[in-house]
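J.: Dropping the sequence and predicted coords here.
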Amino acid sequence: QIFFSWTVIYVPLYMATEVGLSWASIGSILAFGLLAYVIVEYPAGILADKYVGEKEMMAVGFVILAVTSSWISFMAGATLTAWMMLMFINRVGASLVEVTTESYFFKHTKGNDANIISFFRLTRPLSMIVGALLGSVALLFLPFELIFVVLGIAILPGALFTSRLNDTK
């Protein structure tokens, strides 16, 4: 969830201040990237349920997220189309993680797990605070473009932790 706070805050600022893109271009890039949620989540959920399993798709999503998030650091001179493709692929990874996390979680909770479900729901707003703070701290020590490498490295353990989950397939 920290990925979402980091990208919502720092990616548009990076594109505007460091890369020099106009807000109209940034809007187009982000809108194209967000199409991945519309296109990917439903079919990914079906694939995870019937064929592949949440664990495997979640791990793939984390790897895609880690790699593409770190690539943001090296996109300064890229074309609008390249930015759109990177943001789309990045959001494909995010949508895989999001749909499989939700599916896996609710397959393993019961009606009497209200405390666990509440905690799961509270991690989202908490991650917004933690992500913003981590990004700010990273900016104190690193150039703006390198904080995305830090984000990619921070996401990568998600793929490793996924391997410890009980398989649903």
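T.: Now that the structure is in, tell me what you want to look at. Numbers count the residues shown, from 1 in each chain.
J.: Which residues belonging to stretch 49-65 are considered buried?
T.: 49, 52-65 (16 or more other CB atoms under 10 Å). C-beta: built from backbone N, CA, C; applies to glycine.
J.: Which of the residues you listed sits closest to residue 20?
T.: When the buried residues of stretch 49-65 are compared for distance to residue 20, the smallest value, 25.6 Å, is given by residue 65; criterion: CB to CB.
J.: Give me the nearest residue to that closest one, chain neighbours excluded.
T.: Taking CB to CB, 6 or more residues apart in numbering, and ignoring the residues beside it in sequence, residue 65 has residue 93 as its nearest neighbour in space, at 3.8 Å.
J.: same question, residue 162
T.: Counting by CB to CB, 6+ apart, residue 59 is the residue found nearest to residue 162 once chain neighbours are left out, at 4.3 Å.
J.: So which elements touch the one helix or strand that neighbour maps to?
T.: Assigning secondary structure by DSSP states H and E places residue 59 in helix 54-71. Helix 54-71 sits against helix 2-14, helix 23-50, helix 80-107, helix 147-155, helix 157-162, with contacts defined as 3 or more CB pairs under 8 Å, 6 or more residues apart in numbering; DSSP states H and E.
J.: What average pLDDT does the shortest one get?
T.: Which is helix 157-162. For helix 157-162, mean pLDDT is 89.
J.: Ok, the second one next?
T.: Average pLDDT, helix 23-50: 92.
J.: Angles on the backbone of residue 52, please.
T.: phi -100, psi -50 (degrees, to the nearest 10).
J.: for residue 115, same thing?
T.: The main-chain torsion angles of residue 115 are listed as degrees, to the nearest 10 and equal phi -70, psi -40.
J.: And the residue nearest to residue 21 when sequence neighbours are not counted, what's its pLDDT?
T.: If you skip the residues right next to it in sequence, residue 21 has residue 15 as its closest partner in space, 4.5 Å away by CB to CB, 6+ apart. With respect to pLDDT, residue 15 has a value of 95.
J.: shaky segments in this structure?
T.: 168-169 (pLDDT under 70).
J.: any idea which residue of it is furthest from its center?
T.: Going by CA atoms, centre = their mean, the residue of the chain most distant from its centre is residue 112, 29.8 Å out.
J.: tell me which element that one is part of?
T.: Using DSSP H and E, residue 112 sits within no helix or strand.
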